[in-house]
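Undergrad: coordinates for the following, if possible.
(2 chains)
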Amino acid sequence: MARFGERGDDDMDVISLSVADLSIAAFLLILLALASFRLQLGLETRMLTGGLRMIIQLLLIGQVLRFLFTDAAPLWIGCMLVVMLSVAAREVRARQRRRLNGITGYWIGMFSMFISSFTVTFMALTVMIQVRPWYTPQYAIPLLGMVLGNTMTGIALASDRLTSQLYDQRNMVEQRLVLGQSWREASSDIRRDCMRTGMVPIINSMAAAGIVSLPGMMTGQILGGTPPVEAVKYQILIMFLIAAGTGFGVICSIWMTSRKLFDSRDRLCLDRLISKK
Amino acid sequence: MKEQPFGSSSPDSSLLAVDGLCYLENGPYSLTVGVRECVGLSGQSGVGKSQLLKSIVDLIAHTGEVYLDGAACSEIPAPQWRRQVGLLPADSSWWFDTVDRHFTDPRHRFLSCGWLEQLGFPADVVSWQVSRLSTGERQRLALLRALVNEPRVLLLDEPTSGLDPVYTERFEHIVFAYMQEKGAALLWVTHDAEQLMRVADRAYIVEKNGLRARSGGGRDGAVRGAGGR
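TA: You can find the predicted model right below:
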């Protein structure tokens, strides 16, 4: 089995990139920022800070991973996983225009992602890949990172849609409640629609995988010298994990969020939402 | 709280009894409505008449209690309460593509007893696309949608504000036919003083801090006589 990330530095499969190589690539972004300025898109600041953040964050994570890979103390790996989960939960909340008041929204995101991403990743590590110990960081961290990243996007999309739809369609929801429907019935169409919104991207990318797009992980492994068929098998595994993680995470967060927006007397409680700015 | 000239204090002597209802900064409101009785409500716009009806159907948080035939609202599951104490809002919402899916029972006899025709619809209106309907048509159909639930109390919030005189009269006629048949109670909010005279047995003016009996309220019986089918 190919061992992703286990090659020594003397392995000559990868051509090392110089600072100059990366600078040329960065120059492309600067050109795009200039174009954004000329076209008055107003994105140039965000583009440049985004690019800068990416450089710093990735360089840092490179160092962190190097540390974790050489000294695989379970405690440090655990810390890393907790940090990843907390940042993802914060990000889910930040992406909602109307979000639950207080810390509840944060916990719902965190719980949903924990339940889905961690479970499927753990299953992959113990049942399918069977790496020992299961928390071997070369496997656990990239796998969880990919599943968590996609789950986060799905949950953020779906919950953002849920809160804004309930807000915009409150007359419709209240009309249905008035006619004697329970909160479940009255919000059923909206909830279904939001779950679809969260799941469709991963379904689409499964359908397009290999034909339109070569998924990032597989590309990386192939560049790293892994035989294509092995890389493909890993990619298939990852796609299934992402689909399951995203799907169950979205179902869980939509259910919990909508439950929070109705009280025990089946009333729509929009005062539990605060809007961004 | 103001003295209620008509309201009985005992909750079980009437079909609907509102007892010290307060919501937001309004109230307390107390009133009772008996079987086959229509109580009218009027008041300045913005005073919270719609909110009062919404809190009677337990759609907004409130203190105080509402009783239906002696049973407290808080002891009945909310959806069940709202099927028995129906509310017809001032503007109706429709969410499915076709009309029939909005009715709890699209084959209900109320949809084949001539009421559809009186409200100006052909019998096949239930299969129509909602997008075809005008605002007034939606409002007329919303009455039948509410009646199909067979509520024991019907709260009407400016129900005929978008209707012309002909349909307003037919609308009132159907509401009272329903009331007579089912022994229902009505609580009718309207700005229209003439309508208030026509429909209400007695009337109150809604104020921020309670209800005030409306002098000169009381029906002349014209609609109700016609309503008895």
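Undergrad: how many residues are close by B:F176?
TA: Residues lying near B:F176 (other CB atoms under 10 Å in any protein chain shown) number 24. Bear in mind the C-beta positions are built from the backbone N, C-alpha and C, glycine included.
Undergrad: again with the one 4 residues further on
TA: The burial metric for B:Q180, expressed as a neighbour count using other CB under 10 Å, is 14.
Undergrad: phi and psi next, for it.
TA: Note on B:Q180: backbone dihedrals following degrees, to the nearest 10 are phi -60, psi -40.
Undergrad: mind listing what the residue most central in space within chain B touches?
TA: Chain B has B:L155 as the residue nearest its centroid, 2.1 Å off, counting by CA atoms, centre = their mean. B:L155 is in contact with B:L53, B:I56, B:V57, B:V85, B:G86, B:L87, B:L88, B:L186, B:L187, B:V189, counting by CB atoms under 8 Å, 6 or more residues apart in numbering or on different chains.
Undergrad: among those residues, which are in strands?
TA: If you go by DSSP state E, the contacts of B:L155 have B:V85, B:G86, B:L87, B:L88, B:L186, B:L187, B:V189 in strands.
Undergrad: ok, the nearest residue to the fifth one once chain neighbours are set aside to B:M197 distance?
TA: Spelled out, it's B:L186. Nearest residue to B:L186, sequence neighbours excluded (CB to CB, 6 or more residues apart in numbering or on different chains): B:C38, at 4.0 Å. According to CB to CB, to the nearest Å, B:C38 stands 12 Å off from B:M197.
Undergrad: could you do B:R132 as well?
TA: Taken as CB to CB, the span from B:R132 to B:M197 is 36 Å.
Undergrad: the two: who's more crowded?
TA: Using other CB under 10 Å as the criterion, B:R132 and B:M197 rank with B:M197 on top: 17 against 10.
Undergrad: checking that one next. Helix, strand or coil?
TA: helix (DSSP: H, G, I helix; E, B strand; the rest coil).
Undergrad: B:L211 now?
TA: With three-state DSSP as the basis, B:L211 sits in strand.
Undergrad: correct me if wrong: it contacts B:Y29.
TA: Yes - with contacts defined as CB atoms under 8 Å, B:L211 counts as touching B:Y29 at a distance of 5.7 Å.
Undergrad: the two - which one has more neighbours?
TA: Neighbour tally, B:L211 and B:Y29, criterion other CB under 10 Å: the higher count belongs to B:Y29, 28 against 25.
Undergrad: same for the helix or strand hosting that one, what does it pack against?
TA: If you go by DSSP states H and E, B:Y29 is part of strand B:26-33. If contacts are counted by 3 or more CB pairs under 8 Å, 6 or more residues apart in numbering or on different chains; DSSP states H and E, strand B:26-33 sits against strand B:16-23, helix B:49-56, strand B:63-68, strand B:185-189, strand B:210-213.
Undergrad: any chance of these in CSV, with distance to A:E91 and mean pLDDT too?
TA: Output for the helices and strands packed on strand B:26-33, formatted as CSV (distance: least, CB to CB, whole Å; pLDDT from 0 to 100):
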stretch, distance to A:E91, mean pLDDT
strand B:16-23, 38, 95
helix B:49-56, 37, 95
strand B:63-68, 40, 96
strand B:185-189, 47, 96
strand B:210-213, 50, 91
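Undergrad: and which of the contacts of B:L155 is nearest to A:S187?
TA: Lowest distance from A:S187 to these (CB to CB) belongs to B:V57, with 17.8 Å.
Undergrad: that closest one and A:I274, how far apart?
TA: 27 Å.
Undergrad: who has more neighbours out of these two?
TA: Neighbours were counted for B:V57 and for A:I274 using other CB under 10 Å; B:V57 has more, 25 against 13.
Undergrad: was I right about that one contacting B:L87?
TA: Yes - applying CB under 8 Å, one finds B:V57 in contact with B:L87, separated by 4.7 Å.
Undergrad: anything in contact with each of these two?
TA: With CB under 8 Å, 6+ apart, B:V57 and B:L87 have common neighbours A:V178, B:L155.
Undergrad: torsion angles phi and psi at the residue of chain A positioned farthest from its centre?
TA: Largest separation from the mean C-alpha position in chain A: A:L179, at 38.9 Å (CA atoms, centre = their mean). A:L179 has phi and psi values of phi -80, psi 0 when expressed as degrees, to the nearest 10.
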